[in-house]
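[1] sequence and predicted structure, then a few things I'm wondering about:
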Amino acid sequence: MREILSLIFMIVGGFFNLFGCIGLVRLPDIYNRLQASTKCVTLGTCLTLLGMMINGPLNSSLKGFLCAIFILITAPTAAHALSRASIKAGINLWEKSVVNKLKEEEK
Amino acid sequence: MKRGILTFLLFIAWIFLTWPFGKEIDWQVLVVGFFISILSGYIFGEGFTESPHKFFGFKRYLWAIAYIPVLIYWCIIANLDVAYRVLHPNLPIRPGIVKVKTRLRSKSGLTVLANSITLTPGTMSVEIDSNGYLYIHWIYVKTDDIEKATEMIVRKFEKILERIFE
């Protein structure tokens, strides 16, 4: 039973990782791509780790838990750093974007 | 005091990483971890937190625990949302950068708020300025009004985060 549950979590996590990668290919500009990859890969990796935690021995479960926390802290921070850097470097949004408050205020 | 708190947290993390369940405790590992946490706590403690007294408010921890299911719920919704947008043949996106306002002031509160916004449906924090304004990249812009966007994006976290960090 535990094995089946852990396999289900791992497979769902793998699918979320796959969606993140599809988003990386299909979406138009860096900001949208960062959105898709950050969200999906964070939850996908956490679910895979959760599957490992359910089935594994206690000390590897604890390590997996710590890994999940570190991923939850670092992945959004990295996305924030990347998007902020690309704003500073002057990379524009996709041409069909509707609003850009940052640029409006600079003028 | 900042250094003491950081040392304590690092040592807890070290114990989580190395505790041998069911086997004999390895004292060498524990002692090494203890001294390394003291050393790194001493070096990095100064930049660790602005207000160490907040670590001793017991209610903050309860609110932090209450925050976890909220975050998980929005995280799952966010992923289903992204999966829908990515797999849809017409790619239903309408991206843009909007501005929202937050009542949070402490640095750690703002950090957690920005990270939570990145993990929730369709939004990603791009820039924070010092007056409590956040610039947010929204994958499907519903409104570009500051008040309405704040209501939709920030409110759901702010209520709890205020109690944890302010």
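    Cool, got the structure. Residues are numbered from 1 along each chain as shown, chains lettered A, B, ... in the order given.
[2] list phi and psi for B:S125.
    phi -80, psi 130 (degrees, to the nearest 10).
[3] name the element the residue lying closest to it once chain neighbours are set aside belongs to?
    In space, and not counting its chain neighbours, B:S125 is closest to B:A114: 4.0 Å by CB to CB, 6 or more residues apart in numbering or on different chains. Quick note: C-beta positions are derived from backbone N, CA and C, even for glycine. According to DSSP states H and E, B:A114 maps onto helix B:107-119.
[4] which elements pack onto that helix?
    helix A:30-55, helix A:58-88, helix B:58-87, strand B:123-128, strand B:133-138, helix B:155-165 (3 or more CB pairs under 8 Å, 6 or more residues apart in numbering or on different chains; DSSP states H and E).
[5] in TSV: those, plus mean neighbour count, mean pLDDT and distance to B:F35.
    Supplementary listing: the helices and strands packed on helix B:107-119 in TSV, determined by neighbours: other CB atoms under 10 Å in any protein chain shown; pLDDT from 0 to 100; distance: least, CB to CB, whole Å:
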stretch	mean neighbour count	mean pLDDT	distance to B:F35
helix A:30-55	23	87	30
helix A:58-88	16	86	21
helix B:58-87	15	85	28
strand B:123-128	24	84	37
strand B:133-138	24	84	41
helix B:155-165	18	81	31
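[6] tabulate those (JSON lines), appending distance to B:G4.
    Rendered in JSON lines, the data for the helices and strands packed on helix B:107-119 read as follows (distance: least, CB to CB, whole Å):
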{"stretch": "helix A:30-55", "distance to B:G4": "31"}
{"stretch": "helix A:58-88", "distance to B:G4": "22"}
{"stretch": "helix B:58-87", "distance to B:G4": "18"}
{"stretch": "strand B:123-128", "distance to B:G4": "29"}
{"stretch": "strand B:133-138", "distance to B:G4": "33"}
{"stretch": "helix B:155-165", "distance to B:G4": "20"}
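[7] for B:I97, which of those is the nearest?
    Proximity to B:I97 (CB to CB) singles out strand B:133-138 among the helices and strands packed on helix B:107-119, at 5.3 Å.
[8] what comes into contact with that closest one?
    A:31, A:35, A:83, A:101-102, B:95-102, B:113-114, B:117, B:122-129, B:149, B:153-154 (CB atoms under 8 Å, 6 or more residues apart in numbering or on different chains).
[9] please state the offset of that strand from the chain centre?
    16 Å (CA atoms, centre = their mean, to the nearest Å).
[10] and it, which strands flank it?
    In the sheet, strand B:133-138 lines up against strand B:96-101 (antiparallel), strand B:123-128 (antiparallel) (DSSP bridges).
[11] show me the residue at the heart of chain A, geometrically.
    A:T38 (2.4 Å; CA atoms, centre = their mean).
[12] which parts of chain B belong to which domain?
    Listed domain ranges for chain B are B:2-53, B:57-165 (source: automatic domain parsing).
[13] do the shortest one and chain A come into contact?
    Yes - for domain B:2-53, a contact with chain A is found by CB under 8 Å from any CB of the partner chain, at B:13, B:16-17, B:19-22.
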